[in-house]
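>>> Using only what follows, build the 3D model:
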Amino acid sequence: MVATFAKTTIWLTRFLQWSFAVIIMAITAYMVDQFRDFGSHGPREVVVPLIFSILAIIFTSFSIVALYFINYPMQLLSAFLDFCLWVGYLTSAGLNRFDYHVNGNRNLLWQKLTAGRLSAGMSPHRSRNNGLVKLLAALIIIQLILFFFTMLLQAWVAQKYREESRLHPHGEKRFSRSTAASEPPPAP
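Predicted coordinates:
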């Protein structure tokens, strides 16, 4: 029962991870497009979260399927992929370390976006870019926490699955009240 609750919790968390990865991908793709509009390529603090969000979309889709239908080694692989994505979002948080100011004028990424748009003769969109930079920074931290949580929980569920498969190595059904009357007695 605990494993079922853990699997449900992981599934819901994976859905949140997938949703936040899509939002981060959209924000960073917009920012890369903005940087290209004024003749620059996207800085690392935008490109790295974009890459890891694309990977997160792919890997969380795999992990949602792996949670219910795939055996122990694949669940362990899912936990390892969570670790890789956690490291990626940790790197993204480190690269965006200058973007956590409450005052948006002090955020380095906001300054780059605004200065680039002004130098290209475009409207700076100060308030829009400020909100996007703050949202990007917040979602990176949320993803960092969610992937750490699912990494630990997925490894625990994989271990429970392994213990259960050791107790019943040949796919034998466990004896329970609901199946007691429906199963024929074992052959002598």
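
>>> now the helix ranked longest in the chain, how far from the centre of its chain.
In the chain, assigned by DSSP state H, the helix with the most residues is helix 126-167. Here helix 126-167 is found 5 Å from its chain centre; the criterion is Cα atoms, centre = their mean, to the nearest Å.

>>> again, but for stretch 81-99
11 Å.

>>> got it, and stretch 95-114?
23 Å.

>>> For stretch 17-25, give me every contacting residue.
49-50, 53-54, 56-57, 60-61, 64, 135-136, 139-140, 142-143, 146-147, 150 (Cβ atoms under 8 Å, 6 or more residues apart in numbering). (C-beta placed from N, C-alpha, C; glycine too.)

>>> Now the buried members of those residues.
By neighbour count, with 16 or more other Cβ atoms under 10 Å, the contacts of stretch 17-25 hold 49-50, 53-54, 56-57, 60, 64, 136, 139-140, 143, 146-147, 150 as buried.

>>> Flag whichever of these scores worst on pLDDT.
Going through the buried ones among the contacts of stretch 17-25 one by one, the lowest pLDDT turns up at Ile64, 81.

>>> now the angle between helix 126-167 and the strand or helix carrying that one, please.
When elements are assigned from DSSP states H and E, Ile64 belongs to helix 44-69. With axes from the mean of the first three to the mean of the last three Cα atoms, to 10 degrees as the basis, helix 44-69 and helix 126-167 are set at 30 degrees to each other.

>>> Cheers, nothing more for now.
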